[in-house]
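The amino acid sequence is not available; the structure is as follows:
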């Protein structure tokens, strides 16, 4: 018995949780979509930052390449002028600049990969949010229709009557009224046939006492008595 009660309690809790989740599903969906949209915005900002850093590395790379070319030109001129010492200094500077150039190129390659990944992620997320928004509008419209049906005449509250119930009550009332009228009519007919008036009328017809109702013979006799005597 105790196990049955526990199982029933757990089932009631689960059913209540599902009912609460159903009632609040739209609110939950709205919040989840806001969270998803916020995540997409963060992804966009990350993408914009990656693009900006890539552009910065691109400008550094262009400047480094230009400086390498300039120093190489000057170093060759120094060698032509017999200043190998200056050419050696230029070579050391070029070596450092080439290391910076290679690092910038590697950074740009990494940025290019990450930017492509972020673009795919943002585009996919935006498409999914668009689909979710369409579905949310449909779900909200369906829920509004269900709410109207629940609050309208199609489904009454537990303490309210429905149209079929009212119609059934009216039919029962009419049937009882017809039965009561039929009983009253039968009682009147019974009284007319067996009551004191009926007995007195029967005695009058046999010549015992005056008639209770005027007959056609009585009216005709009265009319004849009013005639003028003939000459």
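That came through, no problem. All figures in this text were calculated on a predicted structure; none of them were measured in a lab.

State the distance from residue 91 to residue 63.
20 Å (Cβ to Cβ, to the nearest Å). Quick note: C-beta positions are derived from backbone N, CA and C, even for glycine.

what's the residue closest to the geometric middle of the chain?
Of all residues in the chain, the one closest to the mean position by Cα atoms, centre = their mean is residue 143, 2.5 Å from it.

Quick check: what element follows the helix or strand of the chain with the lowest mean pLDDT along the chain?
With mean pLDDT, DSSP states H and E as the measure, the helix or strand of the chain carrying the lowest mean pLDDT is helix 2-23 (a mean of 62). Beyond helix 2-23 in the direction of the C-terminus, DSSP states H and E gives the next helix or strand as helix 25-80.

For the longest helix seen in the chain, which helices and strands make contact with it?
Scanning the chain for the longest helix, with DSSP state H as the assignment, gives helix 84-151. The contact analysis (3 or more Cβ pairs under 8 Å, 6 or more residues apart in numbering; DSSP states H and E) places helix 84-151 against helix 25-80.

count of neighbours near the nearest residue to residue 136 once chain neighbours are set aside?
On the basis of Cβ to Cβ, 6 or more residues apart in numbering, the spatially nearest residue to residue 136 that is not a chain neighbour turns out to be residue 29, at 5.9 Å. If you count neighbours by other Cβ atoms under 10 Å, residue 29 ends up with 15.

And residue 221, by the same measure?
The tally of other residues near residue 221 (other Cβ under 10 Å) stands at 10.

That one: what secondary structure?
Under the three-state scheme (DSSP: H, G, I helix; E, B strand; the rest coil), the conformation of residue 221 reads as helix.

Find the nearest non-adjacent residue to the residue nearest to the centre of the chain, please.
Here the nearest residue to residue 143 in space, its sequence neighbours aside, is residue 26; by Cβ to Cβ, 6+ apart that works out to 6.0 Å.

Now do the same contact list for that neighbour.
Under the criterion of Cβ atoms under 8 Å, 6 or more residues apart in numbering, the contact list for residue 26 reads 136, 139, 140, 143.

By neighbour count, which of those residues wins?
residue 136 (16 neighbours).

my guess is that residue contacts residue 31, does it?
No - the pair residue 136 and residue 31 fails to qualify as a contact (Cβ atoms under 8 Å) at a distance of 11.5 Å.

Can you give me the separation between residue 123 and residue 129?
Distance, residue 123 to residue 129, using Cβ to Cβ: 11 Å.

what about residue 57, how many neighbours?
Neighbouring residues of residue 57 were enumerated by other Cβ under 10 Å; the total is 19.

Now do it against residue 101, distance only.
From residue 57 across to residue 101, the span is 11 Å (Cβ to Cβ).
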